[in-house]
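Peer 1: Task: produce atomic coordinates for the following.
(one chain, ligands or ions: 1)
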Amino acid sequence: MKDSNFLKENNARRLWHPMAHPAESLATPPDIIVEAEGVEIIDIDGRRTIDAVGGLWNVNLGYSCQPVKDAISTQLNRLPYYSIFRGTTNDNVIELAEMLAAFFAPDGLSRAFYTSGGSDGVEVALRLARQYHKIRGEGGRVKFLSLKKGYHGTHTLGASVNGNANFRTQYEPLMPGCYHTPAPYTYRNPFNETDPERLAQLCLAAIEDEIKFQDPSTIAAFIMEPVLGAGGVIPPHASFMPGVRALCSRYGILLVADEVITAFGRTGSWSGSRHWGVQPDLLISAKAITNGYFPFGVVMVSEGFAEVFEKDTSGKGAIGSGYTYSGHPVGAAAAIACLQETERLQVHLNASARGDQLFAGLQTLMARHDVIGDVRGGHGLMCALELVSDRAAKTPIDKKTITRVHRATYEAGVMVRVSGNNIILSPPLVLSEADVTRILSALEVGFSSL
Ligand SMILES: Cc1ncc(COP(=O)(O)O)c(C=O)c1O
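Peer 2: Numbers count the residues shown, from 1 in each chain. Model prediction:
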C-alpha cells in the first residue's frame, strides 16, 4: 500500500466516484477506508467506526466472515474462472441453484439466473418478462410499471423504471413504455393522506387506474421493492404488496420483486416478499448473496414462469441475456458459504430484534431534535431519519446541515449514509444490542452538534 501522505494527496484526483459530483469529491475528499473487522470499519487515520451502512446494504454478516473468505480463496486456487454460457457449467453454480431453490421455495421460486449484481438483475428480469409474454403469444405486453421513489439500479432500463429524478434527468431520454405510480409514502404523498392503510388503498387505486389507462394487454410487468430502500426506507402498509400482487394477477401482469437489499433477512423475514405474504413471478437479489465480498447476483424464477420457457418448442424461449461473469465460480463459491452462514446464524431474527431496538431509539431521538421530521423503520434493520428545517412545513434540510450531522456522527464513532435529506441506516444483521446503543449515542452527538 502507498503511504498515507500519497493517498491523501491524490484522493479523488484521478478517479471519479459513483453517485458523486467530481468537483465535490475534489473539494471534500472522501474518507479512505483501509481495514474492517466485525461490524467496524477503520479509516486511514486509524479511526474505528461502526458501519451503520453495512457496506452498501450488503455486508449482512459483517467484515470478518471467515467461511466466505475461505470459500473465495479456495475457489480462486481451484478454478478462478470459467463461463457458463451454453455448453459449459461449473460445480458451484449447480450446487448453489439447489440451495437457492430450497431457500426461496416458500416464495414459489425454483430456478436461478445468475448475474454480476443488482442492476444486471433488474435488466435481466425485465427482459425475461417481455420474452415470457412473447413466447405466450402476447407480444404486445412490453410496458413496465413501477413506483415513484423506487430504486432499481442505473442501467438504462433500470433507470427508466427508477422513481427518483436524480438518476434519470441527466440521462434522458430513457426507455419508452415505463410509467410510475405514487409511492405509499405516508410523510409526503399527492393525496395528503397520513393513514398508512388508507394511503395503500389510494396508491393501489392509482395503479389500477394506470393499468386501465395504458390498457392491460400492453403491460409486461410491475417492478417494486417490498420496502422502498434507497428512496428513503419507505415501508408500505401490510396491505400494499398483496394488493399489487392481486392487481397483477387480475390483469395478467408479472410481478417482479426487486429484493437486491431485502433478500436474505434484512426486513426480519428471509425475503421482503415473504414479509408481506406475497409470491412474485421473478425476484432479483444481489448484494448480501455474497456478503458483499464478491460481485454476484441472481434472478429467481417462479415455477409457472419457468415452464413457459422450458416447454417452448418455437425457439422463442432461447435466452439472449447473460454476462461474462454470470455464474462466476468464485462468486458462486462465496454465495454457497454465505447462504450456509446466513442460515446457521438465523440473521433474520437478529435483524428483527435489533431493528426494533434501533427504530425505538430513533423515535426517542426525534422527540429531542426538531430537525428530525420523520422516522421510518420497524421492519428489520433498515431505518431512515428524514431531516427538515421546519417540521410544520416539512421543508427538506439543506445539504450543509445534514453533512454536519453526518460528520459529527462519524467523529463520534459511527458511519451513517446521507441520501438527499435522509439519513439511512442499514447496518450488518449481526449487530449486537450494544452496537445499536453506540449508533444511537453517536447520532445524539451528531444532532447535538447543530
Ligand atoms: C433495490 C435495488 N435494486 C437494484 C440495485 C442496483 O444494484 P447494483 O448496485 O448491485 O447494480 C440496488 C442497489 O442499491 C437496489 O437497492
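Peer 1: Compute the number of surrounding residues for Glu307.
Peer 2: Neighbours of Glu307 under the rule other C-beta atoms under 10 Å: 12. The way it works is simple: take the backbone N, C-alpha and C, and place the C-beta from them, glycine included.
Peer 1: Next one: it relative to the ligand, how far apart?
Peer 2: According to C-beta to the nearest ligand atom, to the nearest Å, Glu307 stands 26 Å off from the ligand.
Peer 1: Can I take it that that residue is in a helix?
Peer 2: Yes: with DSSP: H, G, I helix; E, B strand; the rest coil as the criterion, Glu307 is part of a helix.
Peer 1: need the residues of the stretch 201-350 of the chain near the ligand, please.
Peer 2: Contacts of the stretch 201-350 of the chain with the ligand, taken as C-beta under 6 Å from any ligand atom, map to 225, 229-230, 258, 260-261, 286.
Peer 1: again, only using 8 Å
Peer 2: 225, 229-230, 258-262, 284, 286-287, 295, 297 (C-beta under 8 Å from any ligand atom).
Peer 1: which ones among those are found in strands?
Peer 2: Using DSSP state E, 258, 284, 297 are the members of these that sit in strands.
Peer 1: What about the last one, how many residues nearby?
Peer 2: For Gly297, the neighbour count with other C-beta under 10 Å is 27.
Peer 1: same deal with the first one?
Peer 2: Other residues lying near Asp258 total 32 when counted by other C-beta under 10 Å.
Peer 1: Looks like it contacts Ser119 (just checking).
Peer 2: No: taking contacts as C-beta atoms under 8 Å, Asp258 lies outside contact range of Ser119: 10.4 Å.
Peer 1: which residues are in contact with both of these two?
Peer 2: Both Asp258 and Ser119 are contacted by His152, under the criterion C-beta atoms under 8 Å, 6 or more residues apart in numbering.
Peer 1: ok, now which ones touch whichever residue of the stretch 201-350 of the chain sits closest to the ligand?
Peer 2: With C-beta to the nearest ligand atom, the shortest gap between the stretch 201-350 of the chain and the ligand falls at Val260, namely 3.5 Å. Val260 makes contacts with 57, 118, 121-122, 153, 225, 284-287, 297, as judged by C-beta under 8 Å, 6+ apart.
Peer 1: before we move on, the earlier item: what two of the residues of the stretch 201-350 of the chain next to the ligand have the greatest distance between them?
Peer 2: Glu225 and Pro295 (20.1 Å; C-beta to C-beta).
Peer 1: So between those two, which is more surrounded?
Peer 2: Set Glu225 next to Pro295 and count neighbours by other C-beta under 10 Å: Glu225 wins out with 27 against 20.
Peer 1: how about Asp209, phi and psi?
Peer 2: phi -60, psi -40 (degrees, to the nearest 10).
Peer 1: before we move on, what about Val418?
Peer 2: phi -100, psi 130.
Peer 1: Format the ones in strands among the residues of the stretch 201-350 of the chain next to the ligand as TSV; extra columns: distance to Pro30 and pLDDT.
Peer 2: Below are these laid out as TSV (distance: C-beta to C-beta, whole Å; pLDDT from 0 to 100):
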residue	distance to Pro30	pLDDT
Asp258	27	99
Ile284	28	98
Gly297	25	98
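Peer 1: Where in this protein is the helix or strand with the lowest mean pLDDT?
Peer 2: helix 4-10 (a mean of 93; mean pLDDT, DSSP states H and E).
Peer 1: Next, the buried residues of whatever helix or strand comes next after that helix.
Peer 2: Using DSSP states H and E, the helix or strand that follows helix 4-10 in sequence is helix 22-27. Across helix 22-27, burial judged by 16 or more other C-beta atoms under 10 Å covers Ser25.
Peer 1: Right, I'll leave it there.
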